[in-house]
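Chemist: after the sequence you'll find the predicted model.
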Amino acid sequence: MIGSNGTTTVTEISAPVKDARAAATPASQDAGVRERCAMLGIEWLDKAPTSDPAAAELLAPELAVRLGAVPVSMDGNRLLVAMLDPLDTAAVDEIGAVTSRTIRRVGLEAPAFRELMRDRYGTTAARMAETLASDGGLAATPDNEHNLDAIEADDVHRMAEQPTLINLVNLILLEAIQSRTSDVHVEPFESELRVKYRIDGVLVSQPQPPKHLQAALIGRIKIMAGMNIAERYVPQDGHITLRFEGRKVDIRVSTVPTLYGESVVMRILDKSSLPLDLKSLGMSEPHRAVVDRMIEKPHGLVLVTGPTGSGKTTTLYAALSKLYDPRKKIITIEDPVEYELNGINQIPVNAKRGLSFATGLRAILRQDPDIVFVGEIRDTETADIAIRSALTGHLIFSTLHTNDAISSVGRLVDMGAEPYLAASVLEGLLAQRLGRRLCVQCKERRPISEDTLNRLTPEERARLGGFQNVGRGCDKCGNSGFRGRLGFFEIVRIGTGLRAAIAQNRPVHELKELLDGDFINMREDGMRKVAEGITTVEEVLRATQDVEDFSEDLKKKKG
């Protein structure tokens, strides 16, 4: 688990911050511990036992997290406690002293313990914030409570180094990681401080910490990220690395000044939650077959397009993982490197030191690569180098920001690429959006609402028959009805006719008429997934509402 010893300095912050117990290997991973427990008559459980909420309340949430223990039930003066490490006698003694009861301990497997912890202390961070609200040592004085400029940097540093405040920030991150959060937002307003988690692409409000903790809480985050705690009026970027349940979790931190203090966004990059195959991303079998043919070309340019946060990089990571071969040299240049890929050379853009996409790509070509992934084509120079690299025998992957796949041709030309060069190197264009995936535990079939039906075409209404699967909401999905995300894709293969039209710099509406007869746009791909029962009509409409529907044009073309 994430924890802290409360004595970490700014120079040590680049290392993971954790409690001594969290650094140790979980007891469930040590067969010897289980054997010793059996010798001592300590029971070991594989599943979380039924727990009494009144028993859990005997131990404060921060203590439960720090000690790796959850009180389960009471029998007179005896308290049954489930522990990650039941051989931790210091923890047992501390629990006994705090609760004034005789402790009987049982061991619990790590996954079951995490589930029990969430059930009993799901609002750990909120409860800790309430505790801190009554702690005068951390509260701002009435004179400066709404005037953050009046708080000196030394005072912020002192407050941010309080052990309880450190635990609060760590628990916010812990709960975010456990709930599959992609971004944590800390937003200051005139009379409140809001914390939100982005789960499956949607912001979910969390219990609000007291406003007077704002300076200390944000200061703590900035210390962990190696930022300048005294600078509050300039945007800053930082990075936190944590160890969580034996794996590394990277967190990108961004701050910007607002009217009522600094707004903080922490992007959580948890490699263990990254699906590195196209099927897991929700790509249909026909689409996967087309992508396989595109990426197996010996040279050329493949572009993935979509807005920020649409999963473009993840799709290309999946393609690179599929292509990985020790006999091939694969190099990426990214801003920043979001996930580390084994066996692939990854270069982070560093604008401060003059390493841009263009200069990095130029240097990469001197490394004799077979496959190159350029994080994004942003300017004329990068576009020109990428195209010429594809011409000289390299397979280039990159991303663009366009609304649909075919529009990326015009985007390249707008950047200064010669149409005939673009036509000669382009092998495929892929556009995508992300929608939420229905929770398999609680989905059920229901009629589609009249308002939603009115937004569908006659063909779509006929396909769905007036019904769709929806999530009822359960403990597994946090009562949202959704768990995870999937992509809605459209793929353009560059055939002979389309290549010739691109070389002639034909307008986009003419290029659309030359698309393959089996082409389907993102909306159509999404509706097929609604029919399969893995997402909803509302999710498809939300994700693809800015994408033009080509179905009528294609019908005319086929006719």
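Modeler: Perfect, thanks for sending it.
Chemist: can you give me the strands in the stretch 351-500 of the chain?
Modeler: Shown for the stretch 351-500 of the chain, the strands assigned by DSSP state E, counting those that start in this stretch span residues 371-374, 395-400, 426-438, 443-447, 467-471, 482-493.
Chemist: identify the residues contacting residue 435.
Modeler: 201, 485, 486, 487, 488, 526, 535, 539, 540, 542, 543 (CB atoms under 8 Å, 6 or more residues apart in numbering). Glycine gets a C-beta too; all of them are placed from N, C-alpha and C.
Chemist: can you redo those residues as TSV with distance to residue 391, neighbour count and pLDDT?
Modeler: Formatted as TSV, these follow (distance: CB to CB, whole Å; neighbours: other CB atoms under 10 Å; pLDDT from 0 to 100):
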residue	distance to residue 391	neighbour count	pLDDT
201	38	19	90
485	36	23	92
486	35	22	94
487	30	28	95
488	32	29	96
526	36	28	95
535	40	29	96
539	40	25	95
540	38	24	95
542	40	15	91
543	35	24	91
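Chemist: can I get the strands of the stretch 351-500 of the chain in a markdown table including distance to residue 87?
Modeler: Formatted as a markdown table, those follow (distance: least, CB to CB, whole Å):
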| stretch | distance to residue 87 |
| --- | --- |
| strand 371-374 | 47 |
| strand 395-400 | 50 |
| strand 426-438 | 41 |
| strand 443-447 | 42 |
| strand 467-471 | 41 |
| strand 482-493 | 35 |
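Chemist: out of those strands, the one nearest residue 168 is which?
Modeler: Closest to residue 168 of the strands of the stretch 351-500 of the chain is strand 482-493 (CB to CB; 27.3 Å).
Chemist: so which elements touch that closest one?
Modeler: helix 285-295, strand 426-438, helix 522-531, helix 537-544 (3 or more CB pairs under 8 Å, 6 or more residues apart in numbering; DSSP states H and E).
Chemist: tell me which of the ones you listed is the most buried.
Modeler: Mean neighbour count (mean count of other CB atoms under 10 Å) peaks for strand 426-438 among those, with a mean of 24.
Chemist: circling back: show me which of the contacts of residue 435 is closest to residue 252.
Modeler: When the contacts of residue 435 are compared against residue 252 (criterion: CB to CB), the nearest one is residue 201, at 17.4 Å.
Chemist: and stretch 110-119, which residues are buried?
Modeler: Neighbour counts using 16 or more other CB atoms under 10 Å place 110, 112, 113, 114, 115, 116, 117, 118 of stretch 110-119 among the buried residues.
Chemist: and for stretch 319-333?
Modeler: So for stretch 319-333, counting by 16+ other CB under 10 Å, buried means 319, 320, 321, 322, 323, 330, 331, 332, 333.
Chemist: next one: stretch 268-283
Modeler: By 16+ other CB under 10 Å, the buried positions in stretch 268-283 come out as 268, 269, 270, 274, 275, 276, 278, 281, 282, 283.
Chemist: that stretch: end-to-end distance?
Modeler: 24 Å (CA to CA, to the nearest Å).
Chemist: same check, this time on stretch 228-241
Modeler: Counting by CA to CA, the terminal residues of stretch 228-241 are separated by 17 Å.
Chemist: just the buried positions in it, please.
Modeler: Buried, per 16+ other CB under 10 Å, within stretch 228-241: 229, 232, 236, 238, 240.
Chemist: and the residue nearest to residue 485 when sequence neighbours are not counted, how far from residue 38?
Modeler: Excluding the flanking residues, the one nearest residue 485 by CB to CB, 6 or more residues apart in numbering is residue 434, at 4.9 Å. Counting by CB to CB, to the nearest Å, the gap between residue 434 and residue 38 amounts to 48 Å.
Chemist: go on, residue 469?
Modeler: Distance from residue 469 to residue 38, by CB to CB: 46 Å.
Chemist: which of these two has more residues huddled nearby?
Modeler: Neighbours per residue, other CB atoms under 10 Å: of residue 469 and residue 38, the larger number sits with residue 469, 18 against 12.
Chemist: contact partners for the more buried one?
Modeler: So residue 469 contacts 438, 443, 444, 445, 446, 530, 533, 534, 536 (CB under 8 Å, 6+ apart).
Chemist: narrow those to those that are buried.
Modeler: 438, 443, 530, 533, 534, 536.
Chemist: let me see the contact set for the nearest residue to residue 439 once chain neighbours are set aside.
Modeler: Excluding the flanking residues, the one nearest residue 439 by CB to CB, 6+ apart is residue 477, at 3.8 Å. Going by CB under 8 Å, 6+ apart, residue 477 touches 439, 441, 442, 471, 483.
Chemist: surely the fourth one meets residue 445?
Modeler: No: under the criterion of CB atoms under 8 Å, residue 471 lies out of contact with residue 445, with a separation of 11.5 Å.
Chemist: other residues contacting stretch 265-273?
Modeler: In contact with stretch 265-273 (CB under 8 Å, 6+ apart) are residues 173, 176-177, 180-186, 221, 240, 244, 247-254, 338-340.
Chemist: show me which of those residues are buried.
Modeler: 173, 176-177, 180-186, 221, 240, 244, 249-254, 338.
Chemist: those residues in helices, which ones?
Modeler: Per DSSP state H, helices hold the following members of these: 173, 176, 177, 221.
Chemist: now the helix or strand where residue 92 lies: average pLDDT?
Modeler: Per DSSP states H and E: residue 92 is located in helix 89-99. Averaging pLDDT along helix 89-99 gives 90.
Chemist: what about dumping the CA coordinates of the next helix or strand after that helix to CSV?
Modeler: As assigned by DSSP H and E, the chain's next helix or strand after helix 89-99 is strand 102-108. This file holds the C-alpha atoms of strand 102-108, laid out as CSV (Å, rounded to 0.1, in the frame of the first residue of the first chain):
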residue,chain,number,x,y,z
THR,A,102,-8.1,-8.8,23.3
ILE,A,103,-7.1,-9.4,19.7
ARG,A,104,-7.7,-12.6,17.7
ARG,A,105,-6.0,-12.4,14.3
VAL,A,106,-6.6,-14.2,11.0
GLY,A,107,-4.6,-14.0,7.8
LEU,A,108,-6.3,-12.8,4.6
